[in-house]
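>>> Could you look at this predicted model? Sequence included:
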Amino acid sequence: MDRTALVLGPTGGVGGETARALLAHGWKVRGLVRGLRPGLDPNITWFEGDAMIRADVLAAAKGVDALVHAVNPPGYRDWGKLVLPMIESSIEAAWVNDARLALPGTIYNYDPAAQPVARVDSPQEPATRKGLIRKAMEARIEDSGARALILRAGDYYGPRPGNGWLSQGMITPGKPVGAVTYPGSKGAGHAWAYLPDVAETFARLLDREAELPRFARYHFAGHWDGDGTALVAAIGAALGRQVRARPLPWALLPLAAPFNPTIRELLEMRPFWRHPMRLDNRELVAFLGEEPRTDLVESLRVTLKGLGSLE
């Protein structure tokens, strides 16, 4: 089949991996970037433009079968002001082309203190500003009536992660791993999503467009670290040696938050490190037969190599 997808955010973590997965599944892929430059994947057809400018999105999306909305303001700057306007351009492009709008979702739609396990139809009662915006994004897509696919997942990691806890706060890319700075409370479980697995899941779902409901929503369970020790142990296994974990100094972060929007966003996510929060993927498994899942140690070996931290 001759299928074309436009990826917004094609140089980011989930957008880049999804573009590569779709190419591997035989899709033609377009990417919208603010500036054309050397080094962009030659297998992707590139368009220059801004996801905030509706005309740019509509021009790049002309004739596509799917549109992957994986774009975020860089460094979380003006996140609350820009995210909802950005989705409007994608919704219109999906409508005009009768395309499937695919959105990488998050666990932030839920309150982890009240919802330790969430199904796709569990009540969304977010306790954070970011969660409220995420809930509003999904509601806007559903209310629009456009064909849509939302795949919620835990914290992303991978060889090309974009924004992510592992690469931005737990280890230092480009340097050997000494200790792992772990943000979680002792004994609190945490959900991790390996980006190539998430991308493969998107590709498999989009391959079966004819079987999807008009508004499709699934949960990607990923790797569940039941007590906060499994991920650190797996990093050690990937390195071939033990590594120690040290706690994240949460008490110091508010001092830097007024000057750093990324730290302000990270502070808001602290409840997801104090309370276990996992996603129930039974609907996804029922539809696909399985959830794509790379072995945890192998996924971390590839991740650390990509980050320049594998000796």
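Yep, that arrived. Residues are numbered from 1 along each chain as shown.
>>> Which helix runs longest in this structure?
Criterion DSSP state H: the longest helix present in the chain is helix 79-97.
>>> Local confidence estimate at the residue of the chain most remote from its centre?
What lies farthest from the middle of the chain is Arg241; by C-alpha atoms, centre = their mean that is 29.2 Å. If you check Arg241, the pLDDT there is 95.
>>> Tell me the backbone dihedrals of it, please.
The phi/psi pair for Arg241 (degrees, to the nearest 10) reads phi -160, psi 160.
>>> likewise Thr294?
The phi/psi pair for Thr294 (degrees, to the nearest 10) is phi -80, psi 140.
>>> got the contact list for it?
Neighbouring residues of Thr294 by C-beta atoms under 8 Å, 6 or more residues apart in numbering: 194, 196-197, 302. Every residue, glycine included, has its C-beta placed from N, CA and C.
>>> Tell me what angle the helix or strand bottoming out on mean pLDDT in the chain forms with helix 79-97.
Ranked by mean pLDDT, DSSP states H and E, the helix or strand of the chain with the weakest confidence is helix 261-268, at a mean of 80. Taking axes from the mean of the first three to the mean of the last three C-alpha atoms, to 10 degrees, one finds that helix 261-268 is oriented at 90 degrees with respect to helix 79-97.
>>> Tell me if I'm right that Gly226 and Ala191 touch.
No: the criterion here is C-beta atoms under 8 Å, and Gly226 misses it with Ala191 at 10.4 Å.
>>> outside of the helix or strand that comes right after the longest helix of the chain, which residues touch it?
Next along the chain after helix 79-97, taking DSSP states H and E as the criterion, comes strand 100-106. The contact list for strand 100-106 (C-beta under 8 Å, 6+ apart) reads 14, 18, 65-70, 87, 90-91, 94, 131, 134, 137-138, 141, 146-153, 198, 202, 205-206, 209, 212, 217.
>>> Keep only those of the residues you listed that are in helices.
Counting by DSSP H, those place 14, 18, 87, 90-91, 94, 131, 134, 137-138, 141, 198, 202, 205-206 in helices.
>>> which one of these is nearest Ser167?
Val14 (13.5 Å; C-beta to C-beta).
>>> Quick check, pLDDT for that closest one.
95.
>>> That one and Leu8: what is the separation?
11 Å (C-beta to C-beta, to the nearest Å).
>>> Identify the residue nearest Gln168 in space, chain neighbours excluded?
Excluding the flanking residues, the one nearest Gln168 by C-beta to C-beta, 6 or more residues apart in numbering is Thr262, at 7.4 Å.
>>> what about that neighbour, how many residues close to it?
Thr262: 17 surrounding residues under other C-beta atoms under 10 Å.
>>> Who has more neighbours out of Gly226 and Ala191?
Ranked by neighbour count (other C-beta under 10 Å), Gly226 and Ala191 place Ala191 first, with 22 against 12.
>>> And Pro73, how far from Arg34?
12 Å.
>>> between the two, which one's more packed in?
Pro73 (16 against 13).
>>> got a pLDDT number for that one?
The model's pLDDT for Pro73 equals 71.
>>> Below-threshold pLDDT in this structure: ranges please.
74-79 (pLDDT under 70).
>>> give me that answer again for 50
Low-confidence segments of the chain, defined by pLDDT under 50: none present.
>>> how about whatever helix or strand comes next after the least confident helix or strand of the chain: buried residues?
Using DSSP H and E, the helix or strand that directly follows helix 261-268 along the chain is helix 271-274. The neighbour-count check on helix 271-274 (16 or more other C-beta atoms under 10 Å) flags 272-273 as buried.
>>> chain center to helix 271-274: distance?
Centroid separation between helix 271-274 and its chain, computed with C-alpha atoms, centre = their mean, to the nearest Å, is 18 Å.
>>> do stretch 118-131 as well
For stretch 118-131, the distance to the chain centre is 16 Å (C-alpha atoms, centre = their mean).
>>> and it, which residues are buried?
Buried residues in stretch 118-131 (16+ other C-beta under 10 Å): 118, 120, 124, 126-128, 130-131.
>>> which ones among these are found in strands?
Ala118 (DSSP state E).
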